[in-house]
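S.K.: What follows is a protein structure lacking sequence information:
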């Protein structure tokens, strides 16, 4: 009998995930019952939201329990099946968790079969939850429009990089990305077609935005929260919108930091700030995926994956999202 | 020749308006030219926004200049006229400023003739900008709906008191007001029909809201900003809305205080926070006034005015809005 290696939450992190946070455990490979299939996990999706699930705080899903397998999305391959829904060899996507093997149950529709012809990592990135987050955040929540001046933070990340390109496709006149290294800034401008990039570690973000967006910001797609959100609030154009997608600058904070001082500018500028979760758009993924496949074929959307090898490295891979060590989507290959 | 007494901005206040902030000046009564009328100001509207105009900070109108008459709305009576638009005896409403006399100019449409039969103070309160702010903020921005649990801060103020009553008219199931004295709390419940009131000076606001709004807050109409906004953010129901109408708790702050810590809850709850200014709804005042006149006649909306006598007391009257010394609309009678 094979063993299932799994990474469990050992203690709740205070700050970044460290050696004490998780523990690698081994248990017997699970045995699929009637209507179930055994899935060998191949790729794990590293998403900032996983860090929020490790806190004992109310959220949109319950916190991960101590000694429970870390929750997370992944792609796997069906290796045994007692279900008509899953055939051996099928690729499936869902909340696999950080482990080698998982059971897919035809009753619980949490594992979806991946259509043939789609590369597995893309199912977790541009054609998966990350790309869908960029799509619905930019279009449905942000209502990006022709002529908009759009600013995206976390712009070299999996979501931000796609969000900026969608803004361009939808007619934004100016697309500015904020990222944390010169290489990332070069990538989003030279490869992805952003008009300009601001390196928040070396540039004066407020002054750069004033000069790049002289008419103010019509739409700010926020992945980071904190100081940059505050600066963008201050530079909002009339009827500007702020899409709250994530707040990676604060997920590892040991206590909840104060919010943006410039919130009153929402009154002066008649602005709107709105949060969303891509989970609410599950029933519309197909329409977005059809658009996205078209844009990929036309080379209007480019994407990058940052692969990390080995289940045991998942905790460090997660930290890359917060240290800015990645360009594009971080995926752990098992 | 009569003298025009006017209150000018002497220095920019740091904190509340005090003796050094304004100066009473006398100048000759202005002389209406062709197409103009001379207006004797009778009532001045005290609004929190006047305090924001005294700061040298960007806003939706330019700051009041040093040595300029304090800007503010008022109602006056036409006492001389060289204009077909204004007849002697007409009541007019507009930005009169804090002074005895003002010129109405038929070219600049800033002074509107008040229809006969409407009491002058009501033109500045429930049928004026204050009531309109409550109306459009609650209905257009907040999209109050049947079954909503609505929370209003500054609930015994001119805007909040009307906003809560409109929520009830529009089908809100639970309307909770937050105010600063036991008398105000009693007034909004006993007289205005709010379901409950929270005294933020003596009650635990967070605990009270948890108990009064067990399903969370669908719509928070915010007049105060600061701590109470933060608490309401934390208790937002799924897809809750926050209408940012004003932030009286921070207008007198000597430096801009930090914003709400719980802003991330807008993501978890897919919430929306939106600011507005009633100026944007000028062309729809008539429809709202027609509704409001009907509700007043049916006794569905009650209102209160807090009259202060004498132009020279306008600065202290303005401070009442921030010390909570008023119930309902503060109006200075000249």
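M.R.: That came through, no problem. Owing to the predicted nature of the structure, the values given are computational and were not obtained by experimental measurement.

S.K.: Run through who's touching stretch A:173-187.
M.R.: Residues outside stretch A:173-187 that contact it (CB atoms under 8 Å, 6 or more residues apart in numbering or on different chains): A:146-156, A:160-161, A:164, A:167-168, A:188-189, A:192-202, A:205, A:209, A:212-213, A:224, A:228, A:304, A:324, A:327. Heads up, the C-betas are built off the backbone N, CA and C, glycines and all.

S.K.: Of those, grab the buried ones for PyMOL.
M.R.: The buried residues among the contacts of stretch A:173-187 can be selected in PyMOL (16 or more other CB atoms under 10 Å in any protein chain shown) with this line:
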select buried, chain A and resi 148+149+150+151+152+153+154+155+156+160+161+164+167+168+188+189+192+194+195+196+197+198+199+200+205+209+212+213+224+228+304+324+327
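
S.K.: can you tell me which of the contacts of stretch A:173-187 are in helices?
M.R.: In helices, defined here by DSSP state H, the members of the contacts of stretch A:173-187 are A:160-161, A:164, A:167-168, A:205, A:209, A:212, A:228.

S.K.: distance of the residue nearest to residue A:218 when sequence neighbours are not counted from residue A:254?
M.R.: With CB to CB, 6 or more residues apart in numbering or on different chains as the criterion, residue A:218 has its nearest non-adjacent residue at 4.2 Å, and that residue is residue A:148. Using CB to CB, to the nearest Å, we find residue A:148 at a distance of 37 Å from residue A:254.

S.K.: For residue A:306, give me its contacts.
M.R.: By CB under 8 Å, 6+ apart, the contact set of residue A:306 is A:320, A:326-331.

S.K.: So which of these reach chain B?
M.R.: By CB under 8 Å from any CB of the partner chain, no member of the contacts of residue A:306 lies near chain B.

S.K.: Identify the farthest-apart pair in those residues.
M.R.: The most widely separated members of the contacts of residue A:306, counting by CB to CB, are A:327 and A:331 (12.5 Å).

S.K.: List the residues that contact residue A:14.
M.R.: With CB under 8 Å, 6+ apart, residue A:14 has these contacts: residue A:254.

S.K.: And for the spatially closest residue to residue A:38 that is not a sequence neighbour, the neighbour number?
M.R.: Computed as CB to CB, 6+ apart, the closest residue to residue A:38 that is not its neighbour in sequence is residue A:80, at 4.2 Å. Residues near residue A:80, counting by other CB atoms under 10 Å in any protein chain shown, number 16.

S.K.: ditto for residue A:211
M.R.: Look at residue A:211: counted by other CB under 10 Å, it has 11 neighbours.

S.K.: ok, now how distant is it from residue A:176?
M.R.: Residue A:211 is 10 Å from residue A:176, by CB to CB.

S.K.: do residue A:255 as well
M.R.: For residue A:255, the distance to residue A:176 (CB to CB) stands at 31 Å.

S.K.: Please say which of these two ends up with more neighbours.
M.R.: The neighbour comparison of residue A:255 against residue A:176 (other CB under 10 Å) goes to residue A:176, with 26 against 7.

S.K.: Go ahead and report the secondary structure state at that one.
M.R.: Secondary structure, DSSP: H, G, I helix; E, B strand; the rest coil: residue A:176 is strand.

S.K.: Spell out the residue ranges of the helices in chain A.
M.R.: Ranges of helices within chain A are A:48-53, A:120-124, A:129-136, A:158-169, A:182-186, A:205-212, A:226-234, A:265-268, A:285-297, A:314-323, based on DSSP H.

S.K.: just checking, residue A:142 touches residue A:243?
M.R.: Yes: counting by CB atoms under 8 Å, residue A:142 does reach residue A:243; the two are 4.3 Å apart.

S.K.: Overlap in contacts, those two.
M.R.: With CB under 8 Å, 6+ apart, residue A:142 and residue A:243 have common neighbours A:219, A:221.

S.K.: burial of the residue nearest to residue A:169 when sequence neighbours are not counted, as a residue count?
M.R.: Closest residue in space to residue A:169, ignoring its immediate chain neighbours: residue A:300 at 5.6 Å, by CB to CB, 6+ apart. Neighbourhood size, residue A:300 [other CB under 10 Å]: 14.

S.K.: likewise residue A:314?
M.R.: Using other CB under 10 Å, the number of residues around residue A:314 comes to 25.

S.K.: surely it meets residue A:332?
M.R.: Yes: using CB under 8 Å, residue A:314 makes contact with residue A:332 at a distance of 4.9 Å.

S.K.: residues shared between the contacts of these two?
M.R.: Contact criterion CB under 8 Å, 6+ apart; residues bridging residue A:314 and residue A:332 by contacting each: A:44, A:46, A:308.

S.K.: Among those, find the one with the greatest number of neighbours, please.
M.R.: In those, the most neighbours by other CB under 10 Å go to residue A:44, 29 neighbours.

S.K.: residues contacting the residue nearest to residue A:218?
M.R.: Residue A:148 makes contact with A:167, A:171-174, A:218-219, according to CB under 8 Å, 6+ apart.

S.K.: ok, of these, which come out buried?
M.R.: Buried among these (16+ other CB under 10 Å): A:167, A:172, A:174, A:218-219.

S.K.: and the closest residue to residue A:32 other than its chain neighbours, bridged to which residues?
M.R.: Among residues not flanking residue A:32 along the chain, residue A:38 sits closest, at 4.7 Å (CB to CB, 6+ apart). In this entry, residue A:38 is beta-bridged to residue A:80, residue A:103, by DSSP bridges.

S.K.: so residue A:38 touches residue A:101, yeah?
M.R.: Yes: here residue A:38 reaches residue A:101: they are 6.1 Å apart, a contact under CB under 8 Å.

S.K.: Could you pick out the residues of the stretch 51-200 of chain A near chain B for me?
M.R.: A:58-60.

S.K.: Dump the shared contacts of residue A:314 and residue A:332 into JSON lines; add distance to chain B as well.
M.R.: JSON lines is the format used below for those (distance: CB to the nearest CB, whole Å):
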{"residue": "A:44", "distance to chain B": "23"}
{"residue": "A:46", "distance to chain B": "19"}
{"residue": "A:308", "distance to chain B": "26"}
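
S.K.: count of residues packed around whichever residue of the stretch 1-150 of chain A sits closest to chain B?
M.R.: Of all residues in the stretch 1-150 of chain A, residue A:60 sits closest to chain B, at 5.0 Å by CB to the nearest CB. By the criterion of other CB under 10 Å, residue A:60 has 15 neighbours.

S.K.: Not counting residues beside it along the chain, what's closest to it?
M.R.: That would be residue B:268: by CB to CB, 6+ apart, it lies 5.0 Å from residue A:60.

S.K.: that older thread, take the shared contacts of residue A:314 and residue A:332 and keep only those in strands.
M.R.: Using DSSP state E, the subset of these located in strands is A:44, A:308.

S.K.: before we move on, back to that, tell me the one of the buried ones among the contacts of residue A:148 nearest residue B:72?
M.R.: Distance ranking of the buried ones among the contacts of residue A:148 against residue B:72, using CB to CB, places residue A:218 first at 32.3 Å.
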